[in-house]
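Chemist: have a look at this prediction, sequence included:
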Amino acid sequence: MSAQIISGKEIASQIREELKTEVEQLEKKGIQPGLAVILVGDDPASHSYVKGKEKASIELNFYSVIHRLDTDTSEEEVLSLIRELNQDSKIHGILVQLPLPKHISEKKVIQSIDPAKDVDGFHPENVGNMYIGLPAYLPCTPHGVIQMLIRSGVQIEGKHAVVIGRSNIVGKPMAQLLLNQNATVTICHSRTPNLAEITKQADILIPAVGRAGTVTADMVKPGAVVIDVGVNRVDGKLVGDCAFAEVKEVAGMITPVPGGVGPMTITMLMYNTVESVKRHNSNR
Ligand code: NAP
């Protein structure tokens with residue numbers, strides 16, 4: 001039997017409806033969530049991601065500010081803009097679209113964002129808090145995956161979750177969030193020998209690699225839940241890391257690409273921004 005499709009698009013729109021209600025409540029108190037996005041350079045994929053974020057902000061009636069800067073903008077100019085936004089009371093969330101041009105240090109830029117406005121959850125203070133279980137902005141993609149699992153009724157506790165990939169923005173926080181939900185977690189990466197032997201043990205399998213065809217049907221335990229984070233372009237078409245057509249015949253549940261994790265990422269950014277407003281006002 002073919003796997004049940006977990007639609008990120010549907011779950012994302014459900015969460016956006018919930019956020020709309022929260023934004024309306026805030027509006028009644030005269031508060032509008034403000035999100036500032038900084039984009040440096042002309043990478044087409046980054047421009048398209050930022051457009052998506054702008055569209056979502058406008059849809060939710062956020063105060064949305066996009067700073068599109070030239071590739072040759074200096075590091076100091078970016079840092080100075082962040083300092084301004086840190087002080088701007090209309091702005092509750094600041095996001096710097098990665099990657100940055102080579103002459104700008106990502107580390108310095110991320111560390112210069114006020115952790116209270118770091119809605120991407122990349123600042124070391126938020127990363128550390130997430131690891132030790134203190135309140136933190138959770139990184140959007142892995143947080144979106146957890147929401148997809150929970151809202152699809154998938155039990156995480158006690159299950160063996162296998163994450164393929166160990167990047168700071170997806171793989172590592174993904175594994176930690178699954179651990180926080182009481183899964184038994186294995187992380188695989190490019191030096192993992194016999195990948196299939198490990199993936200076949202997964203009740204929940206999460207490829208986050210960036211290589212089409214990484215996961216084939218013979219690598220999946222029958223009935224497993226597969227959340228495909230990968231985004232790859234093959235012959236002009238967007239595909240995930242899984243060989244979708246064959247893996248869906250073995251898995252119990254699976255996410256498509258596009259329409260899976262992608263819509264969740266932007267939605268969780270909006271969620272974190274509303275969260276920031278709420279925290280800011282409860283601290284007053
Ligand atoms: P990344 O920084 O390039 O990390 C890729 C990870 O995959 C690395 O840890 C790497 O291992 C591992 N890997 C590479 N080849 C492998 C192999 N043959 N077997 C096992 N592991 C392998 O990428 P990322 O930023 O984490 O993103 C991963 C994918 O998710 C990309 O396709 C990206 O576009 C996508 N993504 C999607 C969303 C979304 O919203 N849908 C958001 C973010 C990212 P090493 O550490 O050993 O090199």
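Modeler: Structure received. Numbering: from 1, shown residues only.
Chemist: whichever residue of the stretch 1-150 of the chain sits closest to the ligand: which element?
Modeler: Residue nearest to the ligand within the stretch 1-150 of the chain: residue 141 (4.1 Å; Cβ to the nearest ligand atom). To be clear about C-beta, it is placed using only N, CA and C from the backbone, and glycine gets the same treatment. Per DSSP states H and E, residue 141 falls inside helix 140-151.
Chemist: can you give me the strands in this structure?
Modeler: 4-5, 34-40, 63-69, 93-96, 160-164, 184-188, 204-207, 225-226, 232-234, 237-239, 253-254 (DSSP state E).
Chemist: now for those, which one comes closest to residue 11?
Modeler: Minimum separation from residue 11 across the strands of the chain (Cβ to Cβ) falls at strand 4-5, 11.4 Å.
Chemist: by contact count, what packs against the closest one?
Modeler: Here strand 4-5 touches strand 253-254, going by 3 or more Cβ pairs under 8 Å, 6 or more residues apart in numbering; DSSP states H and E.
Chemist: run through who's touching the strand it packs on.
Modeler: Strand 253-254 is contacted from outside by 3-6, 152, 154, 225-228, 242, 244, 247-248, using Cβ atoms under 8 Å, 6 or more residues apart in numbering.
Chemist: who does it pair up with?
Modeler: Here strand 253-254 is paired, per DSSP bridges, with strand 4-5 (parallel), strand 225-226 (parallel).
Chemist: average model confidence for that strand?
Modeler: Model confidence over strand 253-254, given as mean pLDDT, is 98.
Chemist: the residue nearest to residue 242 when sequence neighbours are not counted: neighbouring residues, count only.
Modeler: Leaving aside its sequence neighbours, residue 242 sits nearest to residue 215 (Cβ to Cβ, 6 or more residues apart in numbering; 4.4 Å). For residue 215, the neighbour count with other Cβ atoms under 10 Å is 29.
Chemist: ok, now residue 279?
Modeler: With other Cβ under 10 Å as criterion, residue 279 counts 13.
Chemist: which of the contacts of strand 253-254 lies closest to the ligand?
Modeler: The ligand lies nearest to residue 228 out of these, by Cβ to the nearest ligand atom, at 8.5 Å.
Chemist: the residue nearest to that closest one when sequence neighbours are not counted: neighbour count?
Modeler: Leaving out its chain neighbours, the residue that sits closest to residue 228 by Cβ to Cβ, 6+ apart is residue 240, at 3.5 Å. Residues lying near residue 240 (other Cβ under 10 Å) number 30.
Chemist: among the strands paired with strand 253-254, which is nearest residue 267?
Modeler: Proximity to residue 267 (Cβ to Cβ) singles out strand 4-5 among the strands paired with strand 253-254, at 18.0 Å.
Chemist: what mean pLDDT does the closest one get?
Modeler: Throughout strand 4-5, pLDDT has a mean value of 98.
Chemist: kindly report the same for stretch 89-104.
Modeler: Stretch 89-104 comes out at a mean pLDDT of 97.
Chemist: coming back round to it: who wins for proximity to residue 21 among the strands paired with strand 253-254?
Modeler: Of all the strands paired with strand 253-254, strand 4-5 comes closest under Cβ to Cβ, at 26.9 Å.
Chemist: in this structure residue 173 contacts residue 142, no?
Modeler: Yes: using Cβ atoms under 8 Å, residue 173 is in contact with residue 142, at 4.6 Å.
Chemist: got a list of what residue 139 touches?
Modeler: Contact analysis of residue 139 by Cβ under 8 Å, 6+ apart lists 120, 121, 122, 130, 169, 170, 173.
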